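Engineer: Could you work out the structure for the sequence below:
(one chain, ligands or ions: 1)
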Amino acid sequence: MSIIGFIGLGNMGSPMVRNLIKAGHSLKVFDLSEEAINFSVQSGALAAKSVREAASGVDFVITMLPVGANVKEVYMNDGVISAADSGTVMIDTSTIDIETAQATYMAAKVAGFDMIDAPVSGGVTGADAATLTFMCGGDKKSFDKAKPILASMGKNIVHCGNAGLGQVTKICNNMLAGINALAAAEAMVMGERLGVSRETLYNVISTSTGRSYIFETSNPMSGVSATSPANNDFKPGFMAKLMLKDLRLSQAAAQSASTSTPLGAVATAAFQQLIENGFGDADTSSIIKVIDPK
Ligand code: NAD
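Structural biologist: Predicted structure coming up:
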């Protein structure tokens, strides 16, 4: 069993910590929010007073932070890389831009550490049930060291290639998820306005060619999909502002690859409008409010 420093105890980090403890690991945790730290302490983790304290004297450091700027701040300068003992393996599970993931990996390598980027899919439900998919980027040696730890939190642990390619895979997935959420909202609102009940639309499309994971599990219309946050006043789940962040990452990635993503661009604009309308902290399925504001 390993000693693990875990930094970032939000919607995702907190259940991931719980599963690592359940698997028998010892956890030292840090977050900017004292409340979040106390919550993990109740699950059996030790509280650290700083990033440096969480990163020293441990076998692994795992981070689950909102954006690239947070990852830069936590790893660089006086952060994880300068505080860790030799042999510590670093795993960043946040969804961030490809450039920051690669720069952090290089900084860790130059200092002699193994590191991977390992963004996840599966949401809070997957984090709770330890069924996350991890999309990993980095050298194979680092991946092989990290894999047994990731197995305590997830089911599918995939090596996608070199540093940053876990992020590339995740950004492609989330661009598609954002497009699918918007597309599901368009179809459901149009069908209901033309006289078909939402139940019929859901049942037929869920077994037809228009179906998607988002349509089936997080349908933007309430009362049709048992697991959808739409049934619970759009309580997240996956916040719309984080989806907008990922869609923006997709547009920056498309530009750097000189590839065209017209549907990604439309979804980005729609989520931008949703956030401007005050739904940033609501679940992604609230995208229906752009199509049908009432
Ligand atoms: P969150 O906002 O709930 O949690 C992030 C936590 O990081 C917060 O508790 C915050 O206080 C902490 N934090 C920020 N900066 C810090 C710092 N410098 N030092 C210590 N702690 C710091 O976000 P989340 O929903 O847990 O998402 C985290 C990441 O996972 C994001 O990149 C998101 O895109 C990705 N993700 C989320 C989901 C989801 O369903 N929520 C699914 C897949 C991927």
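Engineer: Okay, the residue nearest to Ile116 when sequence neighbours are not counted and Ser56: tell me how far apart.
Structural biologist: Nearest non-adjacent residue to Ile116, counting by CB to CB, 6 or more residues apart in numbering: Gly138, 3.6 Å away. Glycine gets a C-beta too; all of them are placed from N, C-alpha and C. Distance check for Gly138 against Ser56: by CB to CB, to the nearest Å, it reads 22 Å.
Engineer: What of Asn162?
Structural biologist: 28 Å.
Engineer: Same check on Val120?
Structural biologist: On the measure of CB to CB, Val120 and Ser56 end up 25 Å apart.
Engineer: Give me the more crowded residue out of these two.
Structural biologist: Per other CB atoms under 10 Å, whichever of Val120 and Ser56 has more neighbours is Val120, with 23 against 18.
Engineer: Pretty sure the more buried one sits against Thr131.
Structural biologist: No - at 10.3 Å, Val120 and Thr131 do not qualify as touching, with contact defined as CB atoms under 8 Å.
Engineer: Between those two, which contacts overlap?
Structural biologist: Counting by CB atoms under 8 Å, 6 or more residues apart in numbering, the residues touching both Val120 and Thr131 are Gly154.
Engineer: Assign a three-state SS to the single nearest residue of the chain relative to the ligand, would you?
Structural biologist: Taking CB to the nearest ligand atom, the ligand has its nearest neighbour within the chain at Gly10, 1.7 Å off. Assigned with DSSP: H, G, I helix; E, B strand; the rest coil, Gly10 falls in the coil class.
Engineer: tell me the pLDDT at it?
Structural biologist: pLDDT, Gly10: 95.
Engineer: who are the neighbours in contact with the residue nearest to Ile116?
Structural biologist: Tyr105, Asp114, Met115, Ile116, Asp117, Asn162, Ala163, Gly166.
Engineer: give me the number of residues near the second one?
Structural biologist: Looking back up the chat, that one is Asp114. Asp114 has 21 nearby residues by other CB under 10 Å.
Engineer: Can you report phi and psi for it?
Structural biologist: For Asp114, the backbone dihedrals (degrees, to the nearest 10) come out as phi -80, psi 140.
Engineer: Tell me the residues of the stretch 51-200 of the chain that contact the ligand?
Structural biologist: Contacts of the stretch 51-200 of the chain with the ligand, taken as CB under 6 Å from any ligand atom, map to Val51, Met64, Leu65, Pro66, Asn70, Glu73, Val74, Ser94, Thr95, Val120, Gly123, Val124.
Engineer: ok, residues contacting stretch 224-241?
Structural biologist: With contact meaning CB under 8 Å, 6+ apart, stretch 224-241 is reached by 11, 123-125, 198-199, 201-202, 215-223, 271, 274-275, 279-288.
Engineer: now do 7 Å
Structural biologist: The contact list for stretch 224-241 (CB atoms under 7 Å, 6 or more residues apart in numbering) reads 11, 123-124, 198-199, 202, 216-223, 271, 274-275, 279-286.
Engineer: before we move on, what SS does Met135 have?
Structural biologist: Look at Met135: counting by three-state DSSP, its state is strand.
Engineer: List the contacts of it.
Structural biologist: Counted by CB under 7 Å, 6+ apart, Met135 has contacts Ala118, Pro119, Val158, Cys160, Gly166, Thr169, Lys170.
Engineer: Look up the pLDDT of the closest residue to the fourth one other than its chain neighbours for me, please.
Structural biologist: With sequence-adjacent residues excluded and distances taken as CB to CB, 6+ apart, Cys160 is closest to Thr169, at 4.6 Å. Per-residue confidence for Thr169 comes out at a pLDDT of 98.
Engineer: now that we have the contacts of Met135, which one has the most neighbours?
Structural biologist: Ala118 (35 neighbours).
Engineer: Quick check: that residue touching Thr133?
Structural biologist: No - look at Ala118 against Thr133 with CB atoms under 7 Å: they stay out of range, at 10.0 Å.
Engineer: what sits against the nearest residue to Gly122 once chain neighbours are set aside?
Structural biologist: In space, Gly122 comes closest to Leu132 once its chain neighbours are excluded; the distance is 4.2 Å by CB to CB, 6+ apart. Leu132 sits next to Val120, Ser121, Gly122, Gly126, Met153, Gly154 when contact means CB under 7 Å, 6+ apart.
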